[in-house]
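*Asks:* Here you go, sequence then predicted model.
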Amino acid sequence: MKDTQRSTLDAGRQTPNAEQRAFPRRDTVRQAIRQMHGYTPGEQPQDKRYIKLNSNENPYPPSPQVTNALQQAIGEDLRLYPDPLATRLRDKAAAVYGLSREQVLVGNGSDDLLTMLMRTFVGRGDRVAFPFPTYSLYDILVAMQEGEIVRVPFPVDFSLPPQLAEVEAKLTILCHPNAPSGTLTPLHQVEGLARRVHGILVIDEAYIDFADETALPLLHRYPHVVILRTFSKSFSLAGMRIGLAFGHPDLISELIKVKDSYNVSRLSIVAAVAALEDYAWMHQNVDNIRATRTRLSAALRELGYFVYDSQTNFVLARKQGVAQKPVYLGLKERGLLVRYFSSPELADCLRISVGTDEEITRLLAAMQELRRNV
Ligand SMILES: Cc1ncc(COP(=O)(O)O)c(C=O)c1O
């Protein structure tokens, strides 16, 4: 390039301001994305080993059948793409849950299935309603679609807010049992909601294996109901990322259109099929966790917390009006991670995953010590 040409170009250029220097340039990012905050997952620290009671992972290992099946699956076939529809897993899940293959869809975790539901049903300005506070990813996925978020506040006891069905939403989501409260809406009330909602009702049953009753029977009576399950909690497979959606075959075939082509890996499919073949292993771990949950809840009540009746593998403990950040930090210092939420409606709460008995004994000892010192 000649010097004269370069100087003409430079002359037309102005010193970029801070906004223009930002990368990616602010005006290239969609407004909806610029304005939203991403999801804040529970800490997954890499620096040292903590007793992790902050992400509702299962403290027990997956079935040995899962490990064996994975070992056998690691080999030459990994060069091949997985079955896009994970047919083996669809069939296995259909047999276990009394459904047809066409009523089942497999996701890369249930988060992936939530994304597919949003892509399918929610466009700009469409309403998505859910009781609040709940799983915070719902807000983010709606914002990504430029939908309208309608948070219907739970009453203090986390019972189902009656106004939920009045919102003319395209999608209503019920977290069943709810996170982070751990509470379960009785089935007859869920059915009442299914009768009254306007659009699709998504029932997120991520924690249902720890609860007394499932909403699965509603699937046979209400074609607009979708049920989500995950292998991350009761089956101890959070690291493999596997979720299931159950719904009417016509609805499932719409979801299939918007899913990523090969959304579930070969190894995940193998692991999930093996996990379903050893249901007894999962049940044994769930029984242990439920027993530890009872002990943890009682001990926290003795420490002066209000503890919601949990139907999950975690408990929400509240000290009305007393900020829990110092307790969270004190526990962290002692090598114990629990979940603390800074949002005003939950700042006086701690959410604690149910660990092994030994882990919970250590947590309670640390909390006793902190009570004396904080
Ligand atoms: C209520 C709820 N739904 C869905 C998920 C996502 O689970 P997955 O690991 O299957 O994506 C979680 C994870 O914590 C959850 O709490």
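*Replies:* Thanks, I have the structure now. Numbers count the residues shown, from 1 in each chain.
*Asks:* Name the SS class of residue 203, please.
*Replies:* Put simply, residue 203 is strand when judged by DSSP: H, G, I helix; E, B strand; the rest coil.
*Asks:* gap between it and the ligand?
*Replies:* Residue 203 sits 11 Å away from the ligand, going by C-beta to the nearest ligand atom, to the nearest Å. From N, CA and C alone the C-beta is placed, and that goes for glycine too.
*Asks:* For that residue, grab the count of nearby residues.
*Replies:* By other C-beta atoms under 10 Å, the residues close to residue 203 number 25.
*Asks:* Please list all residues in contact with it.
*Replies:* Counting by C-beta atoms under 8 Å, 6 or more residues apart in numbering, residue 203 makes contact with 174, 176, 190, 215, 218, 225-228.
*Asks:* is the ligand contacted by stretch 74-90?
*Replies:* No. Against the ligand, stretch 74-90 shows no contacts by C-beta under 6 Å from any ligand atom, the least distance being 13.9 Å.
*Asks:* how long is that stretch from one end to the other?
*Replies:* In stretch 74-90, first residue to last residue: 21 Å (C-alpha to C-alpha, to the nearest Å).
*Asks:* contacts for it?
*Replies:* Stretch 74-90 is contacted by residues 101, 104-106, 242, 256, 261-267, 269, 272-273, 276 when judged by C-beta under 8 Å, 6+ apart.
*Asks:* try stretch 191-201
*Replies:* With C-beta under 8 Å, 6+ apart as the test, stretch 191-201 has contacts from 117, 121, 160, 164-165, 167-174, 185, 215, 218, 221-222, 224-226, 251.
*Asks:* list the buried ones in that stretch?
*Replies:* For stretch 191-201, the buried set under the neighbour-count rule, 16 or more other C-beta atoms under 10 Å, comprises 191, 193-194, 197-201.
*Asks:* likewise stretch 296-313?
*Replies:* Residues of stretch 296-313 classed as buried by neighbour count (16+ other C-beta under 10 Å): 296-297, 299-300, 305, 307-308, 310-313.
*Asks:* Of those, just say which sits nearest to the ligand.
*Replies:* Checking those against the ligand with C-beta to the nearest ligand atom, the nearest one is residue 312 at 8.6 Å.
*Asks:* so that closest one touches residue 180, yeah?
*Replies:* No. In this structure residue 312 lies outside contact range of residue 180 using C-beta atoms under 8 Å: 9.1 Å.
*Asks:* In strands, which of the contacts of stretch 74-90 fall?
*Replies:* Secondary structure from DSSP state E places 104-106 of the contacts of stretch 74-90 in strands.
*Asks:* Who wins on neighbours among these?
*Replies:* Tallying neighbours with other C-beta under 10 Å puts residue 105 at the head of the ones in strands among the contacts of stretch 74-90, with 28 neighbours.
*Asks:* For the chain, what lies in contact range of the ligand?
*Replies:* Neighbours of the ligand within the chain, by C-beta under 6 Å from any ligand atom: 56, 109-111, 135, 175, 179, 204, 206, 230, 232, 238, 243.
*Asks:* now that we have the residues you listed, which one has the most neighbours?
*Replies:* When neighbours are counted by other C-beta under 10 Å, residue 204 leads the residues of the chain next to the ligand with 27 neighbours.
*Asks:* Name the next helix or strand downstream of the longest helix along the chain, please.
*Replies:* In the chain, ranked by residue count with DSSP state H as the criterion, the top helix is helix 279-302. Per DSSP states H and E, the first helix or strand lying C-terminal to helix 279-302 is strand 306-307.
*Asks:* For the stretch 101-250 of the chain, which segments count as strands?
*Replies:* Per DSSP state E, counting those that start in this stretch, the stretch 101-250 of the chain carries strands over the ranges 104-107, 127-132, 148-153, 171-175, 200-204, 225-230, 243-246.
*Asks:* Of all the ones you listed, which one is nearest residue 29?
*Replies:* Ranking the strands of the stretch 101-250 of the chain by proximity to residue 29 (C-beta to C-beta) places strand 148-153 first, at 19.8 Å.
*Asks:* quick one: the closest one to strand 171-175, angle?
*Replies:* Taking axes from the mean of the first three to the mean of the last three C-alpha atoms, to 10 degrees, strand 148-153 and strand 171-175 form an angle of 40 degrees between their directions.
*Asks:* I'd like the distance from strand 148-153 to the chain centre, please.
*Replies:* Remark: strand 148-153 is offset 18 Å from the chain centroid, using C-alpha atoms, centre = their mean, to the nearest Å.
*Asks:* Over to stretch 306-324?
*Replies:* 18 Å.
*Asks:* what's the span of that stretch from first residue to last?
*Replies:* For stretch 306-324, the first-to-last residue distance is 13 Å (C-alpha to C-alpha).
*Asks:* Contact partners for the residue of the stretch 101-250 of the chain found nearest the ligand?
*Replies:* The nearest approach of the stretch 101-250 of the chain to the ligand comes at residue 109, 2.7 Å away (C-beta to the nearest ligand atom). Counting by C-beta under 8 Å, 6+ apart, residue 109 touches 230, 232, 241-243.
*Asks:* likewise residue 313?
*Replies:* Residue 313 makes contacts with 56, 58, 207, 210, 233-234, 289, 293, 353-354, as judged by C-beta under 8 Å, 6+ apart.
*Asks:* Just the residues contacting stretch 131-139, thanks.
*Replies:* Under the contact criterion C-beta under 8 Å, 6+ apart, stretch 131-139 has outside partners 39-40, 111, 114, 128, 130, 149, 151-154, 160-161, 164, 173-175, 178-181, 204, 206, 343, 345-346.
*Asks:* Then stretch 250-265?
*Replies:* Applying C-beta under 8 Å, 6+ apart, the external contacts of stretch 250-265 come out as 81-82, 84-86, 89, 102-108, 112-113, 116-117, 119-120, 200, 223-224, 226, 241-242, 245, 247.
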